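>>> here is my input, please return the structure:
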Amino acid sequence: MSGESVLYTVFLIFTGGAVVATVALYARQSVLLAYIALGLLAGPHVLGLISDPTLVDEIARVGIIFLLFLLGLNLEPDELIKLIREATVVTLLSSITFGLFGFVIAMSFDFNPTDSLVIAAAMMFSSTIIGLKLLPTSALHHQRMGEIIISILLLQDIIAVTVLLLVEGLGANESPVIRIAGMLLMLPVLSISAYFISKKVLSRLLQKFDQINEYIFLLTIGWCMGLAELAHALSLSHEVGAFIAGVTLAANPIARYIAESLKPLRDFFLVMFFFGLGAGFDISAVPQVIIPACLLAITMIVLKPAIFNLLLRREKEKKRLASEIGVRLGQISEFSLLVAVVAVSAGVITERASLLVQTATILTFVFSSYWIVKRYPTPIANDASLRRD
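Numbers count the residues shown, from 1 in each chain. Below you'll find the model as predicted:
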């Protein structure tokens, strides 16, 4: 792709993104829907302004690597320990329930068992971006609701990384059992090595040069990308390596600063990811899966708030708090999109199964965002009484 076309692609994504994001905010929708819509319109299946989204897809993968790095970086052991029992019970029981419903619906529409298992796995997660972007900052940092939501999402993210690991193992050319066994062997080797390097080398460098912002930036980016590449060389994925890089830095006192300083860079690449997702979305094929996608979306939108509410009440949380948390987590996740994309690229599932997950996920994004904004405090609420920073 030529330099001019790269410039044109970046222009289209960010200038167009600014326009559609403005429309989305006025409509009280999550801006990630705007990026998907822009990619869909500009992509080869609608207007054809970008005929080959390969470059965008490659850049978008970097965005996912940064997302997983930052999720790992925010995985503060002290926060998880306080809520570990409650969050683990709620996350595991809810994930199993959502997965079972997803599997039954997929099988009832003649998807093969492997497709159905991956679809089931994709249903287990809630959106980290919607869950946190629509949560007021006061609730995010100072209230029990924020602590519970973050704990559940972090545990879901750990499960999602595990699912990605298994999907990549199933997609290998050699025996899946041998591939997965090798990956499970390499995972603790990489994790333990990264922990010791982080503790003995990175921590000292960060402490010695913590006043030089550029160096902190370069060191953390180098650590993230270096461990991602090392993971890939060890037959793991770049994403898993980035997650481990973040987790091993999480206990460092400077981790919070690093997470905040890298957010703009992460957001830059996430715009690319969602644009690339929309550009690769074949809307002409949606009629093939529209009925199961609608059924799956409606089931998750209704089921997730109800199940989270029930489980949190069982853990002695207040009725109003449990209900609101359930609604805020009542959608399918961007990780589900990633699982579908990775699985179809690895040849594990069919294009039809991937399209089902993508369609159902986007539908839940739309309805869940609208529901949250209408009923609960968010930074983008129509009602001034609900608009909270």
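
>>> use CA for all of it now, contacts and neighbours both
Noted.

>>> ok, residue 88 touching residue 155?
Yes. Under the criterion of C-alpha atoms under 8 Å, residue 88 makes contact with residue 155 at 7.2 Å.

>>> and these two? Which one has more around it.
Neighbour comparison, residue 88 and residue 155: the larger count goes to residue 155, with 20 against 16 (by other C-alpha atoms under 10 Å).

>>> next one, pLDDT for the more buried one please.
On pLDDT, residue 155 comes in at 82.

>>> ok, it - contacts?
Counting by C-alpha atoms under 8 Å, 6 or more residues apart in numbering, residue 155 makes contact with 87, 88, 91.

>>> centre of the chain to the host helix or strand of it, how far?
Per DSSP states H and E: residue 155 is located in helix 144-170. Chain-centre distance of helix 144-170: 9 Å, with C-alpha atoms, centre = their mean, to the nearest Å.

>>> so for it, what gets flagged as buried?
Neighbour counts over helix 144-170 (16 or more other C-alpha atoms under 10 Å) mark 145-161, 163-170 as buried.

>>> quick revisit: ok, so of the contacts of residue 155, who is nearest residue 253?
Nearest to residue 253 out of those is residue 87 (C-alpha to C-alpha; 24.3 Å).

>>> can you tell me the element the closest one falls in?
Going by DSSP H and E, residue 87 is part of helix 77-108.

>>> one more: residue 357?
Going by DSSP H and E, residue 357 is in helix 351-375.

>>> off-centre distance for that helix?
13 Å.

>>> run the angle between it and helix 77-108 for me.
Here helix 351-375 runs at an angle of 120 degrees relative to helix 77-108 (axes from the mean of the first three to the mean of the last three C-alpha atoms, to 10 degrees).

>>> what helices and strands are in contact with helix 351-375?
Here helix 351-375 touches helix 31-42, helix 113-122, helix 290-314, helix 319-328, helix 334-345, going by 3 or more C-alpha pairs under 8 Å, 6 or more residues apart in numbering; DSSP states H and E.

>>> what angle separates the last one from helix 351-375?
Following the same axes, to 10 degrees, one obtains 170 degrees for the angle between helix 334-345 and helix 351-375.

>>> quick one: average confidence on helix 334-345?
83.

>>> quick one on the thing from earlier: select, out of the helices and strands packed on helix 351-375, the one closest to residue 192.
helix 334-345 (25.5 Å).

>>> the closest one: which residues count as buried?
334, 335, 336, 337, 338, 339, 340, 341, 342, 343, 344.

>>> could these be laid out in JSON lines, adding distance to residue 13?
JSON lines is the format used below for these (distance: C-alpha to C-alpha, whole Å):
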{"residue": "334", "distance to residue 13": "19"}
{"residue": "335", "distance to residue 13": "22"}
{"residue": "336", "distance to residue 13": "23"}
{"residue": "337", "distance to residue 13": "20"}
{"residue": "338", "distance to residue 13": "20"}
{"residue": "339", "distance to residue 13": "24"}
{"residue": "340", "distance to residue 13": "23"}
{"residue": "341", "distance to residue 13": "21"}
{"residue": "342", "distance to residue 13": "23"}
{"residue": "343", "distance to residue 13": "26"}
{"residue": "344", "distance to residue 13": "25"}
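
>>> good, wrapping up.
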